[in-house]
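J.: coords please:
(2 chains)
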Amino acid sequence: MQPTDATAADSGVEIDIQQVQKIYETRAGEEVRALECIDQHIAPGEFVSIVGPSGCGKSTLLAILAGLLEQDHGTVRINSQLVTRSHPRMAVVFQRDLLLKWRTVEDNILLPVEVKGWKISEYRPRARDLMKQVGLIDFARKYPDELSGGMRQRVAICRALVQQPGLLLMDEPFGALDALTREQMTIDLQRLWRRINNTVVFVTHSIDEAIFLSDRVLVMSPRPGKIDLDLKIDIPRPRRLAGRTSPQFLSYLESIRNTFERQGVLVEEDVS
Amino acid sequence: MKTARKLSKRNMALGNGGAILFALALLALWQVIVPLVGISELVLPTPYQIGRRLVVDHRILLHDSYYTLFEVLCGFGMAVGIGVPLALLIFYSKAIERVLYPLLIAFQTVPKVALAPLLVLWFGFGFMPKILISFLTAFFPIVIATVVGLEQLEEEMVRLLKSMGASERQTFWKLRLPTALPSVFGGLKVGIGLAVIGSIIGEYVASEQGLGYRQLTANAQFDSTMNFAALVMISILGVLTFYAIHFVERAFVRVR
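T.: Prediction:
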């Protein structure tokens, strides 16, 4: 894979999830069905969010896609290739930035290039380009402990994108940020993704965030973890934060809320 | 942030300056009080007498220092050379951990110094028993600090590297080792001090050269001044070897 300009389109991968099941055993010996019969097809270049309450298995599903966890049942294919270990065209952004504190921002971003044995000199321009796009270029030589939480998470995103991933997996990437930074990151992510246009699976707690960013939102319910709602989001891009009050946006919000209410995850106060 | 760092540097310089001034004051007090009270040089020499002795007998003292330094470096080198790989084995193999770790901890409760007479019996009067005692005393903290350092790595970090397709070898060099280094250097700093103690104790038991031996002979001859002069050299040895580790640490570990 030849590195090109960071904004160049990099074709996304196709994901095929069939009958995936994952069972954990608790210390008491009880079986917890974290995932039950997940069937999903994710098209190349699709941005899919998974929302759901804590413990609904969304992170488990993401870990299986990442090749970091093995399912008990079923198959996952990326571009028709069975996932048995981390796919080389896949990159993950975790909730915590997980930066190496002894490396500068730039060296942190280039870490996967080193690990994969690619030529650093070829990827440096791409890293610099990414840093420019997220406003980190003046911090290239700084260390993580000199950055704010939002900036650190930007570094983590650059570290994923430098690999030109055909598949970007994000596990509540903005979960540890304050509300304002979070909104800005959401806008920035949309902008970056529109240029790269790869396949993204985005796990979040925030319904707003999911609708704003996605082509499709999957709502999961816990024990057994399964997909309760598969909602296509037809809002033209680029989307604006202000658009979150549009009737269309609100109707999506409504149907996701209703799903949570049906699950008993959201319970309204009784006012009768 | 920059100004804060500068400030703290200035504070440190002030702190060091303060320590030196305080030490000088103590020495001056010592210098004045000893003749005032009329203590004999046989019991407590003055700083001036000790200093003069250091200059006059510098050849013997330097010779002894080199001898002891050699023992310290060999003992410490062995402790690192065996301790760090052993820590890696303990870290990577549950079986080895289960077998060796309890033994190591049990062994740690044995005062290594108490082994000195045995080691002399087995290895004679040369370098060997001193190096071994030095090694044995320095060994334990180095093993423990390395194991603790390796265990500090969060599992999430390992997952990150795994998601990049990293091998265990890459994970070790890029992640485990750098994470462990601050703790490892902590162990090395404790270890080097213990290595000096081990060597001196070894010399006390049986030897023909070295700073510990010099102290013993000085004692036998009621030459307290020489005893103190050797003590000064031992302290210098301890400080120098400690700072040597400190500077190596600075080169490898970024300190905020």
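J.: quick one: contacts for residue B:82?
T.: By CB atoms under 8 Å, 6 or more residues apart in numbering or on different chains, the contact set of residue B:82 is B:135, B:139. From N, CA and C alone the C-beta is placed, and that goes for glycine too.
J.: can you list the residues of chain B near chain A?
T.: Chain B comes close to chain A at residues B:1, B:156-157, B:159-166, B:170, B:174-175, B:178, B:253-254, B:256, as judged by CB under 8 Å from any CB of the partner chain.
J.: out of the residues you listed, which are buried?
T.: With neighbours counted by 16 or more other CB atoms under 10 Å in any protein chain shown, these contain buried members at B:157, B:159-166, B:170, B:174-175, B:178.
J.: between these, which sits nearest residue B:60?
T.: For these, the minimum distance to residue B:60 (CB to CB) is 44.7 Å, reached by residue B:178.
J.: ok, that closest one touching residue A:111?
T.: No: using CB atoms under 8 Å as the test, residue B:178 is too far from residue A:111 to be in contact (11.6 Å).
J.: need the residues touching each of those two.
T.: residue A:100.
J.: okay, how far is it across stretch A:31-51, tip to tip?
T.: Stretch A:31-51 has an end-to-end distance of 23 Å (criterion: CA to CA, to the nearest Å).
J.: how far does it sit from the chain's center?
T.: Remark: stretch A:31-51 is offset 12 Å from the chain centroid, using CA atoms, centre = their mean, to the nearest Å.
J.: now residue B:43: closest residue in space that isn't a chain neighbour?
T.: Closest residue to residue B:43 apart from its sequence neighbours, by CB to CB, 6 or more residues apart in numbering or on different chains: residue B:224 at 6.5 Å.
J.: that neighbour and chain A, how far apart?
T.: Separation of residue B:224 from chain A (CB to the nearest CB, to the nearest Å): 50 Å.
J.: and if you look at residue B:207?
T.: As defined by CB to the nearest CB, residue B:207 lies at a distance of 43 Å from chain A.
J.: out of the buried ones among the residues of chain B next to chain A, the closest to residue A:129 would be?
T.: The shortest approach to residue A:129 among these belongs to residue B:164, at 20.1 Å (CB to CB).
J.: the closest one is in contact with residue A:113, isn't it?
T.: No: judged on CB under 8 Å, residue B:164 makes no contact with residue A:113 at a distance of 9.2 Å.
J.: shared neighbours, the two?
T.: Shared between the contact lists of residue B:164 and residue A:113 (criterion: CB under 8 Å, 6+ apart) are residues residue A:163.
J.: and whatever residue of the stretch 151-272 of chain A ends up closest to chain B, helix, strand or coil?
T.: The stretch 151-272 of chain A approaches chain B most closely through residue A:163 (7.7 Å), counting by CB to the nearest CB. Three-state call for residue A:163 (DSSP: H, G, I helix; E, B strand; the rest coil): coil.
J.: show me the contacts for it.
T.: A:89, A:91, A:112, A:113, A:116, B:164.
J.: including pLDDT, distance to residue B:128 and secondary structure, could those residues go into TSV?
T.: Putting the contacts of residue A:163 into TSV (pLDDT from 0 to 100; distance: CB to CB, whole Å; DSSP: H, G, I helix; E, B strand; the rest coil) gives the following:
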residue	pLDDT	distance to residue B:128	secondary structure
A:89	90	59	coil
A:91	95	56	strand
A:112	95	50	helix
A:113	95	50	helix
A:116	92	49	coil
B:164	94	48	coil
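J.: right, and the pair among those residues with maximum separation?
T.: Maximum pairwise distance among the contacts of residue A:163 (CB to CB): 13.9 Å, between A:89 and A:113.
J.: mind checking how far residue A:95 is from residue A:170?
T.: From residue A:95 over to residue A:170 the distance is 9 Å, taken as CB to CB, to the nearest Å.
J.: tell me the confidence at residue 143?
T.: Let's take chain A. Per-residue confidence (pLDDT) for residue A:143: 94.
J.: I was after chain B.
T.: On pLDDT, residue B:143 comes in at 94.
J.: please apply the same query to residue A:136.
T.: At residue A:136, the model reports a pLDDT of 92.
J.: how near is it to residue A:104?
T.: 11 Å.
J.: looking at the two, which one has more neighbours?
T.: Neighbour count, other CB atoms under 10 Å in any protein chain shown: between residue A:136 and residue A:104, residue A:136 has more, with 23 against 19.
J.: and that one, how far from chain B?
T.: Look at residue A:136 and chain B: by CB to the nearest CB, they are 17 Å apart.
J.: just checking, that residue touches residue A:105?
T.: Yes: the criterion here is CB under 8 Å, and residue A:136 meets it with residue A:105 at 6.1 Å.
J.: find residues that contact each of those two.
T.: residue A:155.
J.: low-confidence stretches in chain A?
T.: A:1-10, A:271-272 (pLDDT under 70).
J.: sticking with the residue nearest the centre of it, tell me its helix or strand.
T.: Geometric centre of chain A, nearest residue: residue A:170, 2.1 Å, by CA atoms, centre = their mean. Per DSSP states H and E, residue A:170 falls inside strand A:167-171.
J.: which elements pack onto that strand?
T.: Packing partners of strand A:167-171 (3 or more CB pairs under 8 Å, 6 or more residues apart in numbering or on different chains; DSSP states H and E): helix A:58-65, strand A:90-93, strand A:199-204.
J.: show me which residues of whichever helix or strand comes after it are buried.
T.: Sequence order places helix A:179-196 as the next helix or strand after strand A:167-171, per DSSP H and E. For helix A:179-196, burial by neighbour count (16+ other CB under 10 Å) applies to A:181, A:182, A:183, A:185, A:186, A:188, A:189, A:190, A:192, A:193, A:196.
J.: also stretch B:141-154?
T.: Residues of stretch B:141-154 classed as buried: B:141, B:142, B:143, B:144, B:145, B:146, B:147, B:148, B:149, B:150, B:153 (neighbour count, 16+ other CB under 10 Å).
J.: can you check stretch B:63-80 too?
T.: Within stretch B:63-80, the residues that qualify as buried are B:64-65, B:67-76, B:78-80, counting by 16+ other CB under 10 Å.
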